[in-house]
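Trainee: Fold the following.
(chains A, B, C and D)
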Number of protein chains: 2
Amino acid sequence: MSKRLKDETSEEKILEAARRVFLQKGMAGARMQEIADEAGINKALLHYYFRNKELLFDRIFTQAAAKLFPKVVTILDADLPLFEKIEGFISSYIDVMSENPYLPLFVLNEVHRDPEGFYKRISGELKLPRPEKFLMQIDQEVKLGNIRPVSPLQLFMNILSGTVFPFIAKPLFQMHIGVDEFQFRQFMLQRKTEFARFVIDALRK
Amino acid sequence: MSKRLKDETSEEKILEAARRVFLQKGMAGARMQEIADEAGINKALLHYYFRNKELLFDRIFTQAAAKLFPKVVTILDADLPLFEKIEGFISSYIDVMSENPYLPLFVLNEVHRDPEGFYKRISGELKLPRPEKFLMQIDQEVKLGNIRPVSPLQLFMNILSGTVFPFIAKPLFQMHIGVDEFQFRQFMLQRKTEFARFVIDALRK
DNA sequence: GTCTATAATTTGATAGAC
DNA sequence: GTCTATCAAATTATAGAC
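Mentor: Numbering: from 1, shown residues only, chains lettered A, B, ... in the order given. Here you go, the predicted structure:
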């Protein structure tokens, strides 16, 4: 049993349903009726608990952003050798998104829809981890001659891209290359080590 | 003058407006009223020319997919050495998306919303370029011992990720790192060479 | 707290004059 | 072809009984 199914409160059922629907359809595409149906209650109760669609969406979005951002990204602030840090970041982040595959596209869409609104909303609730320390560490390693010369920001983008993008492109990838759900999981599992090795190979001289 | 502004036909004005609105807001978030306003005409005329929202969206989407997919990706089918092909792909693709920054997120959202619907729709209009030849070429180079051993599909994903993802993450990147429009352009310009070098460094032994 | 019924608003689509 | 006015459907939100 993932969670007691029957003795959940209505509020919990609504939040779970809202999460499913909003993450798949976004704010504009989601319907309050569908959320109510998914939760097994009726529309009126949605408004009873959350007043309106926007407030409900905010709850879900903040929670999604909290799951996507701080947890894993703080690895970058840890006190670890660069290569270990890269390996740890890629592996943990792929784990997080494997369990929540809709997360990245959902959050990035919202940022795109309203960038500063996004920033205000979450800066109150949670502090986005800053990459400065990681960038400085890269810079150091370059200066020490331990790795090939790279722009820290470009390297950071390389790592982030290779980790997040596969989940965004997943449906296209599945459709076009012809892989099913299981094969995609295998692909991402393999990727945890193979992409890390790729990055490190590019840096090592 | 980018294009004669006054003597455009209404149909052209509508298509341009629809492109702007749909690319930014998606199918669900776009409003016919907003498209009409952007085009400087009224709603009735939208329906006169395109019958309904879905048909108008289809026009825009097919056109967007046609711009995103085939042109540049066919480089991968060319008869070129692997490294030149990688350099060419990255550089040209970044060019395409620099001119159409909303393209990737827009198309990937639609694929996500309705994967097989997407495939049916465009397979009639345009043939998606297949990556098999490119994958086999990578496999060959590995077998010949010219590059480090890599899974062709993983390498393909690495290249695609590093090229496309920055445009999807652009608003977040700008907001969080604090770069403006000009700096982002510089970053992507630098990326054309630096990311290609990164990939090649990872492959060369 | 939870429901049914209904109001209010938004939005896509059409009728009909010019 | 283009407009104004209007309709019809979808969707959010509320009133009020239990």
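Trainee: Now the host helix or strand of residue A:167 - C-alpha only, PDB.
Mentor: Taking DSSP states H and E as the definition, one finds residue A:167 inside helix A:152-168. Extracted as PDB, the C-alpha positions of helix A:152-168 are listed here (Å, rounded to 0.1, in the frame of the first residue of the first chain):
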ATOM      1  CA  PRO A 152      32.300  27.500 -15.500                       C
ATOM      2  CA  LEU A 153      28.900  28.600 -16.500                       C
ATOM      3  CA  GLN A 154      29.100  26.700 -19.800                       C
ATOM      4  CA  LEU A 155      30.100  23.500 -17.900                       C
ATOM      5  CA  PHE A 156      27.300  24.000 -15.400                       C
ATOM      6  CA  MET A 157      24.900  24.300 -18.300                       C
ATOM      7  CA  ASN A 158      26.300  21.200 -19.900                       C
ATOM      8  CA  ILE A 159      25.700  19.200 -16.700                       C
ATOM      9  CA  LEU A 160      22.200  20.500 -16.200                       C
ATOM     10  CA  SER A 161      21.200  20.000 -19.800                       C
ATOM     11  CA  GLY A 162      22.300  16.400 -20.000                       C
ATOM     12  CA  THR A 163      20.500  15.600 -16.700                       C
ATOM     13  CA  VAL A 164      17.200  17.400 -17.100                       C
ATOM     14  CA  PHE A 165      16.600  17.500 -20.900                       C
ATOM     15  CA  PRO A 166      16.000  13.800 -21.300                       C
ATOM     16  CA  PHE A 167      12.900  14.000 -19.100                       C
ATOM     17  CA  ILE A 168      11.600  16.900 -21.100                       C
END
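Trainee: Taking helix B:152-168 as reference, get the angle to it.
Mentor: Helix A:152-168 runs at 110 degrees relative to helix B:152-168, counting by axes from the mean of the first three to the mean of the last three Cα atoms, to 10 degrees.
Trainee: and the next element down the chain from helix A:152-168?
Mentor: Following helix A:152-168 in sequence order, the next helix or strand is helix A:170-173 (DSSP H and E).
Trainee: so what does that following helix touch, helix or strand wise?
Mentor: Judged by 3 or more Cβ pairs under 8 Å, 6 or more residues apart in numbering or on different chains; DSSP states H and E, helix A:170-173 is in contact with helix B:103-113. C-betas here are computed from N, CA, C, even on glycine.
Trainee: Show me the contact partners of the helix or strand just after the helix it packs on.
Mentor: Elements were assigned by DSSP H and E; along the chain past helix B:103-113, the next helix or strand is helix B:115-125. With contact meaning Cβ atoms under 8 Å, 6 or more residues apart in numbering or on different chains, helix B:115-125 is reached by A:171-172, A:174-176, B:58, B:61-62, B:65-66, B:69, B:110-111, B:128.
Trainee: just to revisit the earlier point, can you tell if the helix holding residue A:167 touches chain B?
Mentor: Yes. Residues of helix A:152-168 contacting chain B under Cβ under 8 Å from any Cβ of the partner chain: A:153-155, A:157-158, A:160-162, A:164-166, A:168.
Trainee: Other residues contacting the top helix by length along chain A?
Mentor: Assignment by DSSP state H gives helix A:181-203 as the longest helix of chain A. Helix A:181-203 has contacts (Cβ under 8 Å, 6+ apart) with A:82-83, A:86-87, A:90-91, A:94-95, A:98, A:147-148, A:150, A:155, A:158-159, A:162-163, A:166, A:170, A:173-174, A:179, B:148, B:150-151, B:153-155, B:157-158, B:198-199, B:201-203.
Trainee: What count of nearby residues applies to residue A:112?
Mentor: 21 (other Cβ atoms under 10 Å in any protein chain shown).
Trainee: I meant residue A:59, not that one.
Mentor: Neighbours of residue A:59 under the rule other Cβ under 10 Å: 17.
Trainee: so which strand or helix has it?
Mentor: Per DSSP H and E: helix A:53-68 holds residue A:59.
Trainee: buried ones in the longest helix of chain A?
Mentor: A:184, A:187-188, A:191-192, A:194-199, A:202-203 (16 or more other Cβ atoms under 10 Å in any protein chain shown).
Trainee: And residue A:102, how far from residue A:23?
Mentor: Distance, residue A:102 to residue A:23, using Cβ to Cβ, to the nearest Å: 4 Å.
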